[in-house]
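Undergrad: Fold the following, please.
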Amino acid sequence: MSLDLNKLENKLDEALSNETSESLNKFLTDKRMTQETTQTELLISKPIQDKLDHLHTQLEKFFGISREEYLNSASNNMINVKYIGCYVGMTIEKINPTTVAFDFKRDRTTMYHVMNKVEGWVDFPHMYAEESGLLNSFLDFYKGHTTTELRVYLVDDEDDDEMTDQEFILNAEATGKVYSLAGFQEAYNNREFVFTQYSIRILNVGE
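TA: Sure, this is the predicted structure:
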């Protein structure tokens, strides 16, 4: 069966005639946000996902609820839990705000604000978390349930120009070059990287 281009054009004209500039702009924004959200999901590295999983586990223990409950609920109490998680993820674990927003909020408005760097967005989690009256209690709990261990971070040698430790960590995490001591030894023995091409830092970090 052949495609009638005239009929198709008439159908499109008919559909577009019912749209306004506002509705078309909203459609395009929604499509862009959906694509960017999917890309964000795919770009979460294993070390960052491990940090998020640890954070969720501690939230579940402290509040006695499952992550499905607080991630999917719109009640004020659950929103406060999400904002506490956002705050800890950004300030204590130093996770990129876009990643934190995708993991905890997931709604298009929040993602839009973060991705477009809407002024003041990163202050919202702290503000809401403080209002809940539970932020300091959870921080004490979280720090008490966070152990430390040595990790090995590798960054391309030419990129290691006066980086702070935090910048070094973020750079290594972005490329997946983060190892435990045993994992580093195994990767080195298996020649998974050329040793002389990287700058290496061994840092004591939270798990």
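Undergrad: from here on, contacts and neighbour counts on C-alpha atoms
TA: OK.
Undergrad: Remind me what the host helix or strand of Y128 packs against, helices and strands.
TA: For Y128, the element it lies in under DSSP states H and E is helix 124-131. Judged by 3 or more C-alpha pairs under 8 Å, 6 or more residues apart in numbering; DSSP states H and E, helix 124-131 is in contact with helix 76-91.
Undergrad: just checking, what packs against the helix it packs on?
TA: Helices and strands touching helix 76-91, by 3+ C-alpha pairs under 8 Å, 6+ apart, are helix 46-63, helix 67-72, helix 97-104, helix 124-131.
Undergrad: JSON lines for these, including mean neighbour count, distance to M78 and mean pLDDT?
TA: Shown next, in JSON lines, are the helices and strands packed on helix 76-91 (neighbours: other C-alpha atoms under 10 Å; distance: least, C-alpha to C-alpha, whole Å; pLDDT from 0 to 100):
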{"stretch": "helix 46-63", "mean neighbour count": "17", "distance to M78": "10", "mean pLDDT": "88"}
{"stretch": "helix 67-72", "mean neighbour count": "15", "distance to M78": "5", "mean pLDDT": "89"}
{"stretch": "helix 97-104", "mean neighbour count": "22", "distance to M78": "11", "mean pLDDT": "83"}
{"stretch": "helix 124-131", "mean neighbour count": "17", "distance to M78": "11", "mean pLDDT": "73"}
